[in-house]
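Colleague: Quick one: sequence and predicted model below, then my questions.
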Amino acid sequence: MTEYPTQRPTDLAELDGPEPVPEELNSMPWIDVHNHAHTLSWNDRERFALSGCEGMVTMAAAYYWTPYKPVAPEDVRYLWDDALNRLPQIRESHLLDAKVGVGVHTGARVENYERLLDVLPEYAALEEVAAIGEIGITEAQHVAGWSLAEQKDVTRRQLAIAADHDLPAVLHTPADLSDVEFPERLSGNVPGYELDLGLQREPVLTSEYPKREAVDIDVALANEAGLAEDRVVLSHMDPKIAPYVLEETDCYLSFTVSYPWLLGVSPTDVAEVVAEYGPDRILVETDSAGVLRSDVFSVKRTAIEMYRMGVDVDDVRQVVYENPRAVLP
């Protein structure tokens, strides 16, 4: 035991020595497979870089940025073009390997979407494009409804484009709020989301578990489109759906960790799933966007908390860095 020259006994006299912390934990790089960082501030993007973010995919498919509903094809093209236009400055200013995801989001009805599918392959061929996304079956739409049949059609055809260009597809899945408690919101109703959720249309998914229903449809559509399941990233996952995804599919399961106040997913949840199933096919993402309160440090914080929860440092690195490197081009 070390003898310390303290004037009087301290805690140190009772310790055998602290557990060594892996030096690489603090300097571990990470990759964000799903965010909307082009809608954030310069300062927020700098925080990504300062906290160790090496690369990101910023999703240009975000229906809520357009003031018009239904959404027109030119609105979606504007979103794609705007993200692409910002990309060189983001890369240069923050030294990030930033790329974009392009796609037709089904969060609000897009009229004449065939016009977008005609040009999407040209975008998919760009070096700057790392994924088709975010796309996928949505439980209910904002302001302008979209039938389930149309959602299936536009999703299937985009998955086929992903397969044709050897790109992964990032699929939005409905939030499952049935078991989520919001203790910090009990004293008021000040929203953390700059989107009026009261304008949501009637759900087109009617089962008791819409997230599972949407995932079932998404996976079936990927198979129909010829996109291998290990090229599918299912976003907004949670511990409830994790057993199905990891046991019954070959898809990647991605936890959104930057707004637990809404989705209820904590670093502890991620650590417990990794402890049970191992780190293969598990990702974490921020989904940070300018329309909601989110934490750009959340992936770094989750990595440290996973280690505190007993996850081996190599498994932590696989989840936050190696797995995204494997799935992204």
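Modeller: All right, it came through fine.

Colleague: And for stretch 321-329, what's in contact with it?
Modeller: Here stretch 321-329 makes contact (Cβ atoms under 8 Å, 6 or more residues apart in numbering) with 28-33, 54-55, 57, 99, 130-131, 166-168, 230-231, 233, 252, 279-283. Quick note: C-beta positions are derived from backbone N, CA and C, even for glycine.

Colleague: Any of the residues you listed buried? List them.
Modeller: Neighbour counting by 16 or more other Cβ atoms under 10 Å classes 28, 30-33, 54-55, 57, 99, 130-131, 167-168, 231, 233, 252, 279, 281-283 among these as buried.

Colleague: Among these, which are located in helices?
Modeller: The members of the buried ones among the contacts of stretch 321-329 all map outside helices under DSSP state H.

Colleague: where do the helices sit along the stretch 51-200 of the chain?
Modeller: Along the stretch 51-200 of the chain, counting by DSSP state H, counting those that start in this stretch, helices occupy 73-94, 114-124, 148-164.

Colleague: Run through the protein and note the low-pLDDT ranges.
Modeller: Scanning the chain for pLDDT under 70 picks out 1, 17-18, 179-189.

Colleague: Now do the strands in the stretch 201-329 of the chain.
Modeller: Using DSSP state E, counting those that start in this stretch, the strands assigned to the stretch 201-329 of the chain run over residues 232-237, 252-256, 282-285.

Colleague: ok now the shortest one, how far from the chain's centre?
Modeller: So the one you mean is strand 282-285. Chain-centre distance of strand 282-285: 7 Å, with Cα atoms, centre = their mean, to the nearest Å.

Colleague: What strands line up against it, and which way round?
Modeller: With DSSP bridges as the test, strand 282-285 is paired with strand 252-256 (parallel).

Colleague: With the longest one instead?
Modeller: In the sheet, strand 232-237 lines up against strand 169-171 (parallel), strand 252-256 (parallel) (DSSP bridges).

Colleague: picking up where we left off before, generate TSV for the helices of the stretch 51-200 of the chain, with distance to residue 247 as supplementary columns.
Modeller: Below are the helices of the stretch 51-200 of the chain laid out as TSV (distance: least, Cβ to Cβ, whole Å):
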stretch	distance to residue 247
helix 73-94	35
helix 114-124	31
helix 148-164	22
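
Colleague: Please identify the most buried of those helices.
Modeller: Among the helices of the stretch 51-200 of the chain, helix 148-164 has the highest mean neighbour count (mean count of other Cβ atoms under 10 Å), at a mean of 20.

Colleague: Cool, thanks, signing off.
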